[in-house]
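Participant: how would this look folded up:
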Amino acid sequence: MSLQIIVFLIFVALAFDFLNGFHDAANSIATVVSTRVLRPQWAVVWAAVFNFVALGVFGVAVASTIGKGIIDPAIVDHQVVFGALVGAIAWNIITWFYGIPSSSSHALIGGLAGAAVAKGGVETLVAAGFLKTAAAIVLSPLLGMVLGTMLMITVSWICADATPQRVDRWFRRLQLVSAGFYSLGHGGNDAQKTMGIIWMLLIASGRLGAEEALPLWVALACYGAIALGTLFGGWRIVKTMGQKITKLKPVDGFCAETGGAITLFLATGLGVPVSTTHTITGAIVGVGSARRVAAVRWGVAGNIVWAWIFTIPCAAFIAAIAWFVGEQFL
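Facilitator: Alright, predicted model coming up:
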């Protein structure tokens, strides 16, 4: 594998990382923008700062899962990495264009699976890691929903005697904290996915030993790319996440972001690559349901679920085609 190809694929990986931040910026800022606690231009700055600060908070457990736990490392080469990245990037662009809050994380998982299966068949998948990630598709939004509901009920009980104006004033300030923590979790989980891809590439090319630690420059580049992507923001998805599922007040935004942040912190600590989109959507639905079931626009939520179902197979299909193209020309 030539140095030129390695450099090219690292740039493609960082482009995916940038698009991940760009695409998923809505997850971090939709609630804080929709409740008018922050203007959009300041919300993305706030989120981007915490995306990058996550570098000093989390380890590399998720990067290790992506790099070694989804597909057999022995079959990884530059064509597989190219196919995986093209599949993930293409699906991100398609869903961003139509304003669909799909998962960048699972687009990458689908891309890896599609490229690997195209090269070596189904046996190239690492069953334990792939199934763990697949289970997180269901569990992360459910945990986000449960935590969002519980937080909303708890806060409603604590603030039962407070006036609406006082509650609003408190939670406008507290939502800055919850938005920061959610963005911290977003950066910590999602930047590591690209770190895992580059780690995999460096090991496959022989530039890094299988037991060597991830170089610091890789972490800096990945956290910087996702923060920069968030700074530019994927505005098409903000309205869907922040307004169409349910109407949000500052107290609702605080509970949704806090529930989502707890879920992301747990997943990142366990090395599970989860979707920030799934997590915050589940938390928003939970907050809306705590008020009343009819407060949630279930049709919109249902459309989002369909996007989740199609993400892995669609990204895998595109990745398989990209792998074939890479096999011919790279």
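Participant: For Thr149, which three-state class applies?
Facilitator: Assigned with DSSP: H, G, I helix; E, B strand; the rest coil, Thr149 falls in the helix class.
Participant: could you list every residue that touches it?
Facilitator: Contact analysis of Thr149 by C-beta atoms under 8 Å, 6 or more residues apart in numbering lists Gly286, Val287, Ser289, Ala290. (C-beta placed from N, C-alpha, C; glycine too.)
Participant: can you put those in CSV and add distance to Ser105?
Facilitator: Converted to CSV, these look like this (distance: C-beta to C-beta, whole Å):
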residue, distance to Ser105
Gly286, 20
Val287, 22
Ser289, 25
Ala290, 27
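Participant: Now, these that are in strands?
Facilitator: Assigned to strands by DSSP state E, none of these qualify.
Participant: Which ones among these map onto helices?
Facilitator: Gly286, Val287, Ser289, Ala290 (DSSP state H).
Participant: just the buried members of these?
Facilitator: Buried members of these, counted by 16 or more other C-beta atoms under 10 Å: Gly286, Val287, Ser289, Ala290.
Participant: so which of these would you say is closest to Leu201?
Facilitator: Using C-beta to C-beta, Gly286 is the member of these that sits closest to Leu201, with 38.3 Å.
Participant: how about that closest one, what does it touch?
Facilitator: Gly144, Met145, Val146, Leu147, Gly148, Thr149, Met150, Met152, Ala256, Gly259.
Participant: coming back round to it: can you tell me which two in the contacts of Thr149 are farthest apart?
Facilitator: Pairwise distances across the contacts of Thr149 (C-beta to C-beta) peak at 7.3 Å, for the pair Val287 and Ser289.
Participant: Please name the residues that touch Ala162.
Facilitator: Ala162 touches Trp170, counting by C-beta under 8 Å, 6+ apart.
Participant: let's see 10 Å
Facilitator: Contacts here follow C-beta atoms under 10 Å, 6 or more residues apart in numbering; on that basis Ala162 touches Asp168, Arg169, Trp170.
Participant: Which secondary structure state is assigned to it?
Facilitator: Following three-state DSSP, we place Ala162 in the coil state.
Participant: can you pull the pLDDT of it?
Facilitator: Ala162 is assigned 88 on the pLDDT scale.
Participant: Wait, a strand at Val274?
Facilitator: No - remark: Val274 does not belong to a strand; assigned using three-state DSSP, it is coil.
Participant: Now it. Its backbone dihedrals?
Facilitator: For Val274, the backbone dihedrals (degrees, to the nearest 10) come out as phi -110, psi 170.
Participant: how about the strands in this protein?
Facilitator: Ranges of strands in the chain, per DSSP E: none exist.
Participant: Now Ala290. Nearest residue, chain neighbours left out?
Facilitator: Nearest in space to Ala290, with sequence neighbours left out and distances taken as C-beta to C-beta, 6 or more residues apart in numbering, is Met152 at 3.7 Å.
Participant: Let me know the pLDDT of the one you found.
Facilitator: Met152 carries a pLDDT score of 92 in this model.
Participant: buried ones in stretch 141-159?
Facilitator: Going by neighbour count (16+ other C-beta under 10 Å), the buried part of stretch 141-159 is Pro141, Leu143, Gly144, Met145, Leu147, Gly148, Thr149, Leu151, Met152, Val155.
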